[in-house]
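Trainee: got a predicted model here, sequence first, then my questions.
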Amino acid sequence: MQYLNILYTLISALVPLLVGFIYYNEKVMGRAWMKATGLDPEYLKKANMLKIFGFTLLFSVFLSLFLIPVVLHVSHLFSLVAPKPGQEMDPNSEVYRDLMAFYEKYGKNYRTFGHGALHGVLAALFGAWPVIGINALFERRGWRYTAIHLGYWVITFALMGGIICAVA
């Protein structure tokens with residue numbers, strides 16, 4: 001039972017960059033996004049893209065780690081019976097044997113791309129949307145701004161959750 005797989009964490013962390021490349025393209029939502037934010041192409045060309053992409057990848061790894069317990073339900077079981085920090089669980093203990101038996105019987109349930117995508121969408125709606133909405137309210141941005149960003153995060157979290165759930 002290994003929930004932190006570096007490979008699928010990194011693969012899912014690439015999703016925000018790839019989706020953003022397509023979604024915020026001028027031919028998709030880029031023009032609407034620039035209009036909603038008041039940005040223009042000339043201003044955007046002056047950005048330090050290495051810094052933007054580097055931090056986006058770092059933050060995307062954080063998002064991948066956040067989504068693991070959201071889409072992999074069985075990961076919560078261990079927190080119920082985990083020993084104190086710094087201690088290891090005795091593999092010969094009754095608790096460990098019960099946990100392993102439960103995992104063997106039910107641990108692979110609901111491990112599909114679709115199930116992970118569903119939970120990704122829910123994470124976007126109940127996690128990302130309120131954050132975007134609150135920021136938009138204080139920045140005096142319109143609902144179009146909020147909807148554009150929400151669309152991006154729904155697609156992104158759905159794909160990330162689907163990848164994590166299907167390959168974990």
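Mentor: Cool, the structure landed. Numbers count the residues shown, from 1 in each chain.
Trainee: pull the longest helix from the protein.
Mentor: helix 143-167 (DSSP state H).
Trainee: just the helices in the protein please.
Mentor: So, for the chain - with DSSP H - the helices run 6-13, 15-23, 31-37, 41-45, 49-71, 75-81, 94-106, 113-123, 129-139, 143-167.
Trainee: before we move on, the earlier item: buried set for the longest helix of the chain?
Mentor: 145-166 (16 or more other Cβ atoms under 10 Å). C-beta coordinates here come from the backbone N, C-alpha and C atoms, glycine included.
Trainee: and for stretch 74-90?
Mentor: Those would be 74-75, 77, for stretch 74-90 by 16+ other Cβ under 10 Å.
Trainee: which residue is the nearest non-sequential neighbour of Phe59?
Mentor: Spatial nearest neighbour of Phe59, excluding adjacent residues (Cβ to Cβ, 6 or more residues apart in numbering): Pro16 at 7.9 Å.
Trainee: identify the residues contacting that neighbour.
Mentor: 56, 59-60, 63, 156, 160 (Cβ atoms under 8 Å, 6 or more residues apart in numbering).
Trainee: endpoint to endpoint, stretch 10-29 covers what distance?
Mentor: 26 Å (Cα to Cα, to the nearest Å).
Trainee: next, the residue nearest to His73 when sequence neighbours are not counted: phi, psi?
Mentor: Counting by Cβ to Cβ, 6+ apart, His73 lies nearest to Tyr110, which is 6.6 Å off, once chain neighbours are set aside. The phi/psi pair for Tyr110 (degrees, to the nearest 10) reads phi 60, psi 40.
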